[in-house]
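Student: A structural model of the following input is requested.
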Amino acid sequence: MPYHHPTTTCPALLLAVLTATASGQFASEVVEHAPGVGAGPGYADPTSTLGPPARMSGLPGITDSAVTPFQPAYMGYQLLTVGRGGHLVVRFEEPVLDDPGNPHGIDLLVFGNAFFTNTGGPLACTGALYDEGGRIELSADGVVFVEVPGVSADGLFPTLGYVDADPFDTTSGTIETDFTRPVDPAWAPLVLEGSVCWEDLVGLYEGSGGGTPIDLAWVGLAEVTHVRISVPEDAANLPEIDAFADVAPVRPIGDLDGDGRVGGADLTLLLAAWGTLEHPADLDGSGLVGGGDLALLLGGWDE
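Tutor: Model (predicted):
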């Protein structure tokens, strides 16, 4: 990354349980943190990896920048640098499941501050990916960990905070991306080849906020509760970690109670919201819960 940290000799292993308030879709507890060598003191708070990723970075009102694949988060309060020989272990409050119903089969996302170099001037077209590595290991019990082979913790896909922000914006967009929705991994070869320009890149993200995608089936695990990021002692680069997300499954249109089906309970919720504004039961996006929403719900009925 272009944000260089001074090299320091790190203290001994830190064993602690650190908690933060966060949605259940994001890591909620730091179980263990060993800083390693080379991790700058300004990027040393492991609790910065809890909760959702950053959408804006910089000093508020002074050096604001929207987080995009061309300008990543870079503040110390948003990121943890894992040094050489160091590691970080976080835990999810609820297990992350290997769910075939998740978009593209992806179950877990790891957010860093990787970014693309720009080959297209103000149009912003992807050049090289600045990938700082980091080994990802998963565990169902916090004791036995399995490495995810060939996947960098601080790599594809760089974070995108807003659907409608420009690549080098200094203000936020108005439409937030979904940090629990992955980018389709099938696009990886295309974006790594380079020269994918801004509008096409945002289109490939399809409303996703990015993140390194992981399918638990790749390592033969049905569920995990713990994620460990570690760095070899001879690593050339040090990853910066922002967040971890449990991917949300795709819900059928009309599934208002989140049980994966459309039926009587959903109909009850829709009727209770009839005539209200800006309600989740506004399935057709008209702004008012009414007949169009009822038609969509009944069209997806599967009880």
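
Student: Let me see the ranges of the strands in this structure.
Tutor: 14-19, 29-34, 56-57, 65-66, 80-81, 87-97, 108-112, 115-118, 126-130, 135-139, 146-147, 212-214, 223-230, 240-246 (DSSP state E).

Student: Columns distance to G161, mean neighbour count and mean pLDDT on top of these, output as TSV?
Tutor: (C-beta placed from N, C-alpha, C; glycine too.) Converted to TSV, the strands of the chain look like this (distance: least, CB to CB, whole Å; neighbours: other CB atoms under 10 Å; pLDDT from 0 to 100):
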stretch	distance to G161	mean neighbour count	mean pLDDT
strand 14-19	25	12	35
strand 29-34	23	21	97
strand 56-57	7	22	96
strand 65-66	6	23	95
strand 80-81	19	27	98
strand 87-97	21	20	97
strand 108-112	11	29	98
strand 115-118	13	20	96
strand 126-130	17	17	95
strand 135-139	22	21	98
strand 146-147	30	15	98
strand 212-214	16	26	98
strand 223-230	22	22	98
strand 240-246	11	27	98
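
Student: and the ones you listed as CSV, adding distance to A186?
Tutor: Formatted as CSV, the strands of the chain follow (distance: least, CB to CB, whole Å):
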stretch, distance to A186
strand 14-19, 37
strand 29-34, 33
strand 56-57, 29
strand 65-66, 26
strand 80-81, 30
strand 87-97, 22
strand 108-112, 16
strand 115-118, 18
strand 126-130, 16
strand 135-139, 20
strand 146-147, 23
strand 212-214, 10
strand 223-230, 23
strand 240-246, 20
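
Student: how about those, which one is nearest L192?
Tutor: When the strands of the chain are compared by CB to CB, strand 126-130 sits nearest L192, at 6.3 Å.

Student: Contacts for the closest one next, please.
Tutor: Residues outside strand 126-130 that contact it (CB atoms under 8 Å, 6 or more residues apart in numbering): 1, 69, 114-119, 155-156, 158, 191-192, 194-197, 201.

Student: Restricted to buried residues, select those residues in PyMOL.
Tutor: Selection of the buried residues among those in PyMOL, burial being defined by 16 or more other CB atoms under 10 Å:
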select buried, resi 1+69+114+115+116+118+155+156+158+191+196+201
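
Student: Out of the contacts of strand 126-130, which sit inside helices?
Tutor: Among the contacts of strand 126-130, the residues falling in helices (DSSP state H) are V191, L192, L201.

Student: What is the nearest of the residues you listed to T171?
Tutor: Nearest to T171, judged by CB to CB, of the ones in helices among the contacts of strand 126-130 is L201 at 19.6 Å.

Student: Check which residues of stretch 95-108 are buried.
Tutor: Neighbour counts over stretch 95-108 (16+ other CB under 10 Å) mark V96, L97, D98, D99, N102, P103, H104, G105, I106, D107, L108 as buried.

Student: Next, count neighbours for D64.
Tutor: 14 (other CB atoms under 10 Å).

Student: Now do the contacts for it.
Tutor: Per CB under 8 Å, 6+ apart, neighbours of D64: M56, S57, G58, T170, T171.

Student: Kindly indicate which of those lies nearest A73.
Tutor: S57 (4.2 Å).

Student: ok, the closest one touching A73?
Tutor: Yes - between S57 and A73 there is a contact under CB atoms under 8 Å: 4.2 Å.

Student: what touches both of the two?
Tutor: What both S57 and A73 touch, as defined by CB under 8 Å, 6+ apart, is the set V67.

Student: re earlier: L298: which of the strands of the chain is closest?
Tutor: Closest approach to L298 among the strands of the chain (CB to CB): strand 87-97, 29.5 Å.

Student: okay, that closest one in PDB with CA atoms only?
Tutor: C-alpha atoms of strand 87-97 as PDB (Å, rounded to 0.1, in the frame of the first residue of the first chain):
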ATOM      1  CA  HIS A  87      -1.700 -13.100  13.500                       C
ATOM      2  CA  LEU A  88      -5.200 -12.000  14.400                       C
ATOM      3  CA  VAL A  89      -8.100 -14.300  15.400                       C
ATOM      4  CA  VAL A  90     -11.700 -13.000  15.400                       C
ATOM      5  CA  ARG A  91     -15.000 -14.700  16.200                       C
ATOM      6  CA  PHE A  92     -18.500 -14.400  14.900                       C
ATOM      7  CA  GLU A  93     -21.400 -14.400  17.400                       C
ATOM      8  CA  GLU A  94     -23.300 -16.900  15.200                       C
ATOM      9  CA  PRO A  95     -21.600 -19.500  13.000                       C
ATOM     10  CA  VAL A  96     -21.000 -18.700   9.400                       C
ATOM     11  CA  LEU A  97     -22.600 -21.500   7.400                       C
END
